[in-house]
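# please find the sequence and the predicted model below.
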Amino acid sequence: MLEPIKVGLESLNLITLAPMLITIVGGLIIMIIDLLNNKIHKSLYVMLTILVLFIDFGAVLGLNVNERGFFDVMLIDGISIISQLLIIGGSMIFTPLALTSKRFHEYSYPEFFALFLFMIAGFQFMVASDNLILIFVGLETASLSLYTLIALHNRSNSYEAAVKYFTMGALAAGFFAMGSAVVYALTGSVELYKVAEVLAGRMNETGLMITIFGSSVLLMVAFAFKLSLFPFHTWVPDVYEGASSPLAGYMSVVPKVAAFVVSIRIFGMYIDLGVEWVRWMILGIAVITMTLSNIMALVQNDVKRMLAYSSISHAGFIMAAMALDTSEGNTSIFLYYALFMFTNLGAFAMLWISRHKTRRFDIDYDHPYEKFAGFIKIMPMGAVVMALFMLSLAGVPPFSVFWGKIYVMQAAVNAGYVWLAVVMGLNSAIAAYYYLKLIVFMFLKDPIKDVDTIYYNLSKPLMVIIGFATFATIGAIFYVQPLLSYLYYMISASGY
Amino acid sequence: MENILSVLVFFPAVAGLLGFVVDKNSIRTYGITVVAIEFLLSLWLWLGFDMANPGMQFVEMIPLIPDMGISYYLGADGISLFIIVMTTLMTLIGMASMGETKNIKNMILSLLFLEMTMVGVFVALDAILFYLFWELSLVPMLYIVGAWGGPLRVYAAIKFFLYTFTGSLIMLVGMLFVAYIYHSLTGVWSFAITDWYALVLPVNYQLWLFVAFFIGFAIKVPMFPFHTWIPYAHGQAPTIGSVILAAVLLKMGTYGFVRFSLPMFPDASVLSITPIAVLSLIMIIYTAMIAYAQKDIKQVIAYSSVSHMGIIMLGLFAMNAEGLSGSVFQMLSHGIVSGALFMLVGMIYERRHTKLMSEFGGIAAVMPKFALIFGIMLMASVGLPLTIGFVGEFLVLLGFYQVSPVMTILAGTSIILGAVYMLRVMKRTFFGPLDNEENKKLSDLNTRETWSLIPLVAIVIWLGVYPKPVLAPIDNSVKALLSFMDEKAITQEAKDLIRLSNTTKGGN
Amino acid sequence: MIGLTHYLIIAAILFSIGLAGVLRRRNLLMLFFATEVMLNAVNIAFAAISHYYNDLTGQMFAFFIIAIAASEVAVGLGILIVLYKKHGSLDLDDLASMRG
Amino acid sequence: MFENFINAFLTAEGFAFYLFSALTTGLFLITVLSKNILYAMTSLAAGMVLISGFFFLLGADFLGVVQLVVYVGAIMALYAFAMMFFDATRDIKEKNTNAMLVFALGGLSALVLVLMFAAPVFSENVVALYPMTEGVGNAQDVGIVLFTKYLVPFEVAALMLLVAMIAGIILAGKKMDQSLTEDMSADDEIMIIKDEK
Amino acid sequence: MEKFVYIALFAPLAGSLFAALFGMTPRKIFVGIVGSLFIGLAFVASAVLAYTLYTTGTVVHVRMMDWIQAGDFNVSFGFVVDQISVTMMTVVSLVSTIVHVYAIGYMDHDKSFNRFFSYLSAFVFSMMILVMSDNFLGLFIGWEGVGVCSWLLVGFWYHKADKTREENPSISPSWAANEAFIMNRIADLGMLIGIFLLYWNTGSLQYDEVFAQLPYLSETVLVGAAIALFIGAMGKSAQFPLHTWLTDAMEGPTPVSALIHAATMVTAGVFLVIRSNPLYSMPEVSDVSFFIASLGTFVAFYAASMALVERDLKRIIAYSTLSQLGYMFAAAGLGAYWIALFHLGAHAFFKALLFLGGGNVMHAMHDELDLFKMGDLRKKMRGTWIYMTIASVALAGLPPLAGFWSKDAIIETAFNEHTYVLWGMLVLTAGMTAFYSFRQVFLSFHGEDRHTPLGFHPHEMYRFVLIAMSPLAVLAIITGWFMNSYKAFIYQIGDGVQYEMSEHTHHLATYLGLIVIFFAVSGIVIAYLKYARTGEHAFRRNEEKENGFFYKLLKNQYYVPKFYEEFITKPYMMISEKFWTEVDLKIVDATVDGIAKFLYSAGDKTRSMQTGNLSNYLNWMAVGAVLLLVIAAISAMIG
């Protein structure tokens, strides 16, 4: 017979669960409020969400580094903390975009905000564990919420986007499961630290390499899908186009941060084990991704699709850094996303406020370049700010993304991959063209029509958000140092 | 005022920000006042500059991102001092003579930001800071070319931006690599150029890094075969754009060679003398010939710029004080002269809305003042003694003669070919019968135009007759640079060449 | 004796069948069937490995996969419903309003 | 080789394995190949049942039951309702299918996966972290691990199901039928932001 | 003495700037007067310096200020007044003064009168720098300065349109100006190279320092420097093959031709060789020196031959200038520097006189220069006729006029150096010189009146102009008489410039002189017989002869300008066009754009993978996954 198991609460280290619980409870509170009174304005939910996230943020900040909890399922190491901070922070700044002057469909649902919070909880679980099961469950929780959030935009395009994302996500989930199965077959464990131990002992067994490679490939497919790497990126432009701008901007940052954390855990492990092949596979995919998406972005007619391709390219950029498997490389991922986040927030917010229900400029697109023609004449500040974001994305110093970019390239150089840095440089040059294209439209062309209605959606809170994004983008030079040393400390503390 | 360099850099930018609130009708006065103050500040810098000290002065250093070794590090030496003064001067004069009326506010503000980046490039002693200003300078220029230019302006603007951007990204990789080496040797991260100077690199590293930096700088210079953006940029840009572009932006490239390539990679520099000289020769001769084939006055001057930049490049790689000082001096001279020429072309364009030589002829009769000033600048451009153009060109050729007499003879053809295309412009535009009806009622320069050109004429003659106040500090710094290179070079060949090219036989 | 390999191979084959189905299907509903096939194949693998290592983790994993499959179906069908209401069709080929 | 096969086949486990294998393969092939959604679904359901057979065969009784309950009971029921909702019982035309590509990819993936699994993945050295206890029922065993070690994933799974529920409800809900996005064609309400001309 | 140096130097500059102040205003006569006074002042200062030098023998050396200092290179504005430079200064300032005064009359009706004086004075200033500088770079300033002034003055009537070469061999003033400038620049490059060579091998550009180093230099350096400097001299002194600009430069106003293209600037090349006499006297460079002499002789003959058939009054004088420059180079090349310098001075006087006389004719004939349209002008222009005759006699080399002494000395030198071929050619050329000079005099002033039928009503020049010209006439007559005292004066410098005929030559001097005189007289006689007579012997044009090969060859300047046009100018234009349209636009630029276009079209192509069809997306995903798996399997198997 089984002995009754006694578990002390102390040993569970429940505090590790606190951040996720906060978001979940927050989501439930919103649902309950809705039950009690369903005539409430969206701004309440927005603010509630931000408040919950604020508490969450504090809770994460208070966590100690390198703790495990709950039978070692929870892992609170440096990257888990910083990635949670990024996830929460990103969510906090994207949430207020709901506060447009015009109401959009999804924001009339309190469930939207509940799902949003659940999604964040899912991401948090994903990053705060090295157990493939929890990662998988967290991933799916977040993904399923996200699919729903996209569909809630309630346009024909959003359904299409949701279906595409969902279907491909289901396929990716299959690959993830299969990959985990192979890992499990190899090591008898799905906990990565254990996996690493066992694998290290089995590296020299003959005939096993094929399975090791195969396991990495299967997992790679799942994460390449999430990270939108070639050739698993095909959903990105369509989904971004179908989703609302805030969500699209959000998708280009937060889910990727979560996926990167898991990728670091998994593929970093492979590379640490000496499976150089994985490194080369990732490098190859990364280089193809950034190049191909760049040249595809060149020919886009819609700003949002262009930004979608650009986010693919940025992801490829970062993926290359991940393949380096150095502390600097890993730091650069977070630094990059932390900086990219603000710029992206600004760019998508600018798109968001110019969004109309009907397409006024182009039958196919919401945000064709023509819409922004002659912006400088219509609203100089708006054009200047948008141009700042574009320049930042293009990597023009001293705007935020530049610092991320330079750090990534420095990491590549330090790891001995000068060619990679050169490829990155050339890619940035190609990318500059399409960012420039928008600037050209805004500054160098004459307005086409409906000049007065472009900033349809503008509201005070959005102006604040954009202002914040602008300051964060311009002033990056002043906070890069503390950010960087914090990130680097956290990452090296957790041994990556 | 120890932090005068910071003031110099940020004063125009702050003024630019504040300028957003200034009323559209007063913005021109505002802009001119600001750049005039900036010019006075740069004169103050000159005044406070210790001419006898060849090293960096007015140094400011504030660590910005210590973890990456990036700091806010400014300083000026004899080489940068005058380029800064020239920058502020040309901005002032360019703005004062500006005839644009369309969207004047945006133009003025762009110029102010542009001035910040230009000054920034020349005072930055931190590689990343340098890169920052370098890249930022593209943005206002893009706007100026793209918004106020000719029919192909957008193409020209994008080409200008992307070309330079691409090159500088390669350069950035080079910078990162140097920082990496610095770190692996010393354990400290640093992007400070002065720290980098201390690095002694193996020759093959030097060569690769030299190439990386070369691509960045060569596109900006622009060296053959990377020069094709410039005819478009100049051809399409508004007058002020061309003036700034020719006077200052091109100098960034050559300045980069002096600041980075030469002291950091002395052996590679010595090794690359021949390839660079060959490219420079192609620039000098080939573009001079192309200039001769042009039909548009502005294009002639644009191509002549390339040709003159070839001379500057040649001087940089003469590896002796004569050539290097001459080269730096020639940067100033080319800045002033080509700036003035572009202004002149702009003035005639404003009157006739064409720049084609075939449209003109004999206008010296109706615009004598214009013809006179154009003639003076033309003569300075072809390097007439006692004008500013001669000193630099002569010293460069003199310096390079020690390296290769044959190449110097080929390069010397610039004094012939330059005269050929320039005199053709003069003849076809100003001489001959005044037979185009539209030209008969052209008005001569007005007061504003005259007074904006007269300072330039004065400088052209003053520095041609008495270049010492400018040349001496340059020479000081250049000598220090050369002895530093000699000390640092690791191959005997490089040492020998640097020594050899600095000694005259017999005498003294 | 039936070894682990046997189970794994049947799992591999079923997985590939599911994959082929995903690729082949044009009807979204039937495409979802194929994804179920894939997940089920993985479940077999987990159960088998679990059995041969005498370790419960595999069964746990399979258990969670079943839960995930269930959730996916719920969400997937929800999306399909809104889509169907709008488009009146579940045919993949009708879904190409965004491209390029 | 063949002898081994015969020997294996002749044991009870072996017989069951091969039987289930053949049947599941066949059924799932019908699922992915059939033009009739009813056949496809039925065969899928049957295949699920047989897979639970595998589980029982492998001693994962609890899993087998869950498989039957969740898959066959819940999921298939959902699919059945959906099928009826979508009125998808008619034959589906599979247009534009590049059969070659599909089978090549399917075959290739099968080949590579089989190659992978044919490698000696099983190692005697691997020590079970959560061993099955001798003489204890599978359900009990599972229960203990699930509510200790995997309690967090379990709860997250609950959250996931909640999410799925909410999602299903709101997506299928009536509010999705019309757009709640405000009509923006009312231009007279437009907030005009423009530069002073 | 320093103040005289500065006065001589800067008085012309002051005059120029003064005139420039009124550059854009209508004609003001006082501008011309003040300008002339300034130049006169310079002459006085020069004369004082010359006198002082003659009496005391002290060389004045001033160092005004630093100019270029870089590295070891150090050049200042330094001026030296020694026997050589003071000769030049005096000649230059004297001729300039006269030309200035002359121009007041000549440019009377020109609306750009003030501008003209500004340029002319600026030219004198440049010329003063050229001759006074104590270093090669200072010389180069003047060298280029006179080039620019020449450009300005040749192109003074810039408004004239281009004509075809058949209509006007010089095409147009602005064309001729550009040609002059560019051709000089070609030579200047040579000179610059010489300067570089000297600097890097001696460490200085000061004449005295450079010359002090000469004995220690290798032969290569010496020869190189000698050749390079001489190339510079060839351009400025219009030696073959860089000679075509000089005749074309006659497009400028006549005072300009007199001052720049006869008396002063074109002799700068000779001056350079004389100045650098220590270099050219080095035994290592004797071949170069001999080449200089040979080229000079050749040019003397060559130019004279073209003058034989020329009909344009000014161009004839230009050819004669060219020819006389050849004489000077012959002397300098043979080592007789002081003789060359003496001829330079003498030539300046009579040639300026000749030009100014020509200017009078031109003025009278309303800018018509065709000799065949003149004839019998002496009745209407007596003063001019006298001047022209004096100058022509001097040029022809008849005693006792200036030309005889100096030219005879040169011919004698050629004999003395045993270069009999050169001697022979120079003697022959002397005859030709006499012929074409008097052909010109006879055609214009004697023979039948051909101008009245054509509607010309010539009149004599202003009296003050004629008076102003008189010093030149006097000098053209008497200069030669002072040859020996000049010799003593210039010998003060030292060994370098001293040149003495050998005993043998000295012995034969009289005979040699007679031979020259014989040739000259023969030339004059032939010219008289052919052109000066009236009535039935009067000159008639001979169509047949004018279509003859030799006539046409000479008339077309041996087709050299044509050759330049066909083989240099046109190909250069063509290659330039090709470089622009074919190479720069179609290769270099197209490559850059090609990269961009390639990327863009690649984007367009890859874009098609984004079909929007989910099935395709799934296919991509599966293809990616399976491909990765296959690669993984293969690479694992390989190792």
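Received it, and whenever you're ready, just let me know what you need. Numbers count the residues shown, from 1 in each chain, chains lettered A, B, ... in the order given.
# excluding chain neighbours, what is closest to residue E:635?
residue A:277 (5.9 Å; CB to CB, 6 or more residues apart in numbering or on different chains). C-beta coordinates here come from the backbone N, C-alpha and C atoms, glycine included.
# where does the prediction get shaky in the chain?
Reading this off chain A. In the predicted model, chain A carries pLDDT under 70 at residues A:1-4, A:358, A:360, A:449-456.
# chain E, not that one
Using pLDDT under 70, the flagged stretches of chain E are E:639.
# what is the neighbour count of residue 15?
Here I'm looking at chain A. 15 (other CB atoms under 10 Å in any protein chain shown).
# that answer is for a different chain, and I need it for chain C
Neighbours of residue C:15 (other CB under 10 Å): 28.
# need the longest helix for the chain.
No chain in the question, so chain A it is. helix A:156-187 (DSSP state H).
# was after chain B, sorry
helix B:153-186.
# what comes up buried for that helix?
For helix B:153-186, the neighbour count (16 or more other CB atoms under 10 Å in any protein chain shown) marks B:153-183 as buried.
# go on, stretch B:204-213?
Neighbour-count burial for stretch B:204-213 [16+ other CB under 10 Å]: B:205-213.
# touching that stretch from outside, list them.
For stretch B:204-213, contacts defined as CB atoms under 8 Å, 6 or more residues apart in numbering or on different chains pick out B:170-171, B:173-175, B:177-178, B:181, B:201, B:256-257, B:260-261, B:264-269, B:271-272.
# export it as PDB, just CAs?
Provided in PDB are the C-alpha atoms of stretch B:204-213 (Å, rounded to 0.1, in the frame of the first residue of the first chain):
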ATOM      1  CA  ASN B 204      45.400  40.700 -40.900                       C
ATOM      2  CA  TYR B 205      43.000  42.000 -38.300                       C
ATOM      3  CA  GLN B 206      44.000  45.500 -39.300                       C
ATOM      4  CA  LEU B 207      43.300  44.800 -42.900                       C
ATOM      5  CA  TRP B 208      39.800  43.400 -42.300                       C
ATOM      6  CA  LEU B 209      38.900  46.200 -40.000                       C
ATOM      7  CA  PHE B 210      40.300  48.700 -42.400                       C
ATOM      8  CA  VAL B 211      38.000  47.300 -45.000                       C
ATOM      9  CA  ALA B 212      35.000  47.500 -42.700                       C
ATOM     10  CA  PHE B 213      35.600  51.100 -41.900                       C
END
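# now the closest residue to chain B within the stretch 151-300 of chain A: how far from residue A:372?
Chain B sits closest to residue A:298 of the stretch 151-300 of chain A, with a gap of 11.3 Å, by CB to the nearest CB. In this view, residue A:298 and residue A:372 are 17 Å apart by CB to CB, to the nearest Å.
# would you map the helices across chain D?
So, for chain D - with DSSP H - the helices run D:2-10, D:12-33, D:37-57, D:61-66, D:76-86, D:99-118, D:138-147, D:151-172.
# same list, the ones you listed, but as a markdown table with distance to residue E:386 and mean neighbour count please.
Listed next are these as a markdown table, based on distance: least, CB to CB, whole Å; neighbours: other CB atoms under 10 Å in any protein chain shown:
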| stretch | distance to residue E:386 | mean neighbour count |
| --- | --- | --- |
| helix D:2-10 | 138 | 10 |
| helix D:12-33 | 123 | 18 |
| helix D:37-57 | 127 | 22 |
| helix D:61-66 | 136 | 21 |
| helix D:76-86 | 125 | 16 |
| helix D:99-118 | 110 | 19 |
| helix D:138-147 | 135 | 17 |
| helix D:151-172 | 120 | 22 |
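# looking at the ones you listed, which has the lowest confidence?
Ranked by mean pLDDT, the helices of chain D end with helix D:2-10 in last place, scoring a mean of 69.
# which helix in chain E runs the most residues?
helix E:173-202.
# how about it, does it get close to chain B?
Yes - residues of helix E:173-202 contacting chain B under CB under 8 Å from any CB of the partner chain: E:174-175, E:178, E:181-182, E:185-186, E:188-189, E:192-193, E:195-197, E:199-202.
# any residue of the helix or strand following that helix up close to chain B?
Using DSSP states H and E, the helix or strand that follows helix E:173-202 towards the C-terminus is helix E:207-213. Yes - residues of helix E:207-213 contacting chain B under CB under 8 Å from any CB: E:209, E:213.
# quick one: contacts of helix E:207-213?
Residues contacting helix E:207-213 (CB under 8 Å, 6+ apart): B:506-507, E:80, E:134-136, E:198, E:201-204, E:275-276, E:278-279.
# which parts of chain A sit against chain B?
Contact residues (CB under 8 Å from any CB) of chain A with chain B: A:376, A:380, A:387, A:391, A:394-398, A:402-403, A:406-407, A:409-410, A:413-414, A:418, A:421-422, A:424-426, A:428-429, A:432-433, A:436, A:439-440, A:443-445, A:477-478, A:480-481, A:484-485, A:488.
# weed out the non-buried ones from the residues you listed.
The buried subset of these - by 16+ other CB under 10 Å - is A:376, A:380, A:387, A:391, A:394-398, A:402-403, A:406-407, A:409-410, A:413-414, A:418, A:421-422, A:424-426, A:428-429, A:432-433, A:436, A:439-440, A:443-445, A:477, A:480-481, A:484, A:488.
# hang on, the earlier thing: list the contacts of the residue of the stretch 151-300 of chain A closest to chain B.
Applying CB under 8 Å, 6+ apart, the residues contacting residue A:298 are A:430, A:433-434, E:599-600, E:603.
# phi, psi for it please.
Backbone torsions of residue A:298, given as degrees, to the nearest 10, read phi -60, psi -40.
# which SSE is the residue nearest to it when sequence neighbours are not counted in?
Spatial nearest neighbour of residue A:298, chain neighbours left out: residue E:603 (4.2 Å); criterion: CB to CB, 6+ apart. Per DSSP H and E: residue E:603 is located in helix E:590-607.
# what comes up buried for that helix?
Neighbour count says helix E:590-607 has E:592, E:596, E:599, E:602-603, E:606-607 buried, by 16+ other CB under 10 Å.
# and of the residues you listed, the nearest to residue E:402?
residue E:592 (66.8 Å; CB to CB).
# quick one, what contacts the closest residue in space to the closest one that isn't next to it in sequence?
Taking CB to CB, 6+ apart, and ignoring the residues beside it in sequence, residue E:592 has residue B:228 as its nearest neighbour in space, at 5.6 Å. By CB under 8 Å, 6+ apart, residue B:228 lies in contact with E:584, E:588-589, E:592.
# 6 Å instead, please
E:588-589, E:592 (CB atoms under 6 Å, 6 or more residues apart in numbering or on different chains).
# what of residue A:183?
The contact partners of residue A:183, by CB under 6 Å, 6+ apart, come to A:195, A:215.
# low-confidence ranges in chain C?
C:1.
# near chain A, which residues of it?
Applying CB under 6 Å from any CB of the partner chain, we find that chain C lies next to chain A at C:15, C:22, C:35, C:38-39, C:42, C:45-46, C:49, C:53, C:55, C:57-58, C:61, C:64-65, C:68, C:71-72, C:75-76, C:79, C:82-83, C:86, C:95, C:97-98.
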